[in-house]
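Enquirer: fold the following.
(2 chains)
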Amino acid sequence: GAVVSQHPSRVICKSGTSVKIECRSLDFQATTMFWYRQFPKQSLMLMATSNEGSKATYEQGVEKDKFLINHASLTLSTLTVTSAHPEDSSFYICSARVPVQGGNQPQHFGDGTRLSIL
Amino acid sequence: AQKVTQAQTEISVVEKEDVTLDCVYETRDTTYYLFWYKQPPSGELVFLIRRNSFDEQNEISGRYSWNFQKSTSSFNFTITASQVVDSAVYFCALSEAYRDSSYKLIFGSGTRLLVRP
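Expert: Residues are numbered from 1 along each chain as shown, chains lettered A, B, ... in the order given. Below you'll find the model as predicted:
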């Protein structure tokens, strides 16, 4: 089945550091990828939709300058948390939808990145 | 506005019991898709099922079964003869056919299932 790889799986860094998270579709080309954020014991909240070759579409309340998204190729999207602070500590998870004709194909998720800002 | 409600925050059962996880959704669209995902303690999300709004047939896959009722806007998930490995958080999600075809997922709050030996 479709595989999405996310790296790194865990990051611990000091406040003020910028952190880059990669999301790769390993066996298919993903024109659209999604970035979610999940706080402990809470649901997944969509942060932005990443479109290959164009600007990401951010959800209301998500700071574009804080969470930079780049989707430079059909298999790679990156999320950079700039100048991270403790309140940015969370579980970040990406997903990609297989671009198959015929309706809404399920999104396949990466394994997530647990970000801890000290 | 679209919304997914999973009223059961946590469920605890003993192994081999049957358990049903409830999901109620709201949408104004006539075309939409419903999903169930499993999130084990390791964190990854595992796709379980997709159902479109025009297909109300119930589905069975091994010990898993799903009951889709448009009349009550529900898409419930039943695990038969539960096992310890079923312990996880289960998310119900809704997706609509947007004009830009991005098919964003709206997740419910999740139900944490604990299966005790």
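Enquirer: mind pulling up the pLDDT for residue B:5?
Expert: Listed pLDDT for residue B:5 reads 97.
Enquirer: go on, the one 5 residues further on?
Expert: Residue B:10 carries a pLDDT value of 97.
Enquirer: residues in contact with the residue lying closest to it once chain neighbours are set aside?
Expert: Closest residue to residue B:10 in three dimensions, ignoring its sequence neighbours and counting by C-beta to C-beta, 6 or more residues apart in numbering or on different chains: residue B:112, at 4.5 Å. C-beta coordinates here come from the backbone N, C-alpha and C atoms, glycine included. Each residue near residue B:112 by C-beta atoms under 8 Å, 6 or more residues apart in numbering or on different chains is listed here: A:41, B:9-11, B:88-89.
Enquirer: isn't residue B:113 right next to residue B:17, touching?
Expert: No - with contact defined as C-beta atoms under 8 Å, residue B:113 does not reach residue B:17; the gap is 10.9 Å.
Enquirer: ok, of the contacts of residue B:112, which come out buried?
Expert: B:11, B:88-89 (16 or more other C-beta atoms under 10 Å in any protein chain shown).
Enquirer: before we move on, the earlier item: just the ones of the contacts of residue B:112 in strands?
Expert: Judged by DSSP state E, the subset of the contacts of residue B:112 located in strands is B:10-11, B:88-89.
Enquirer: re the thing from before, nearest to residue B:53, of the contacts of residue B:112?
Expert: residue B:89 (25.0 Å; C-beta to C-beta).
Enquirer: in the sheet, who's paired with the closest one?
Expert: residue B:39, residue B:112 (DSSP bridges).
Enquirer: that one touches residue B:114, doesn't it?
Expert: No - taking contacts as C-beta under 8 Å, residue B:89 lies outside contact range of residue B:114: 10.1 Å.
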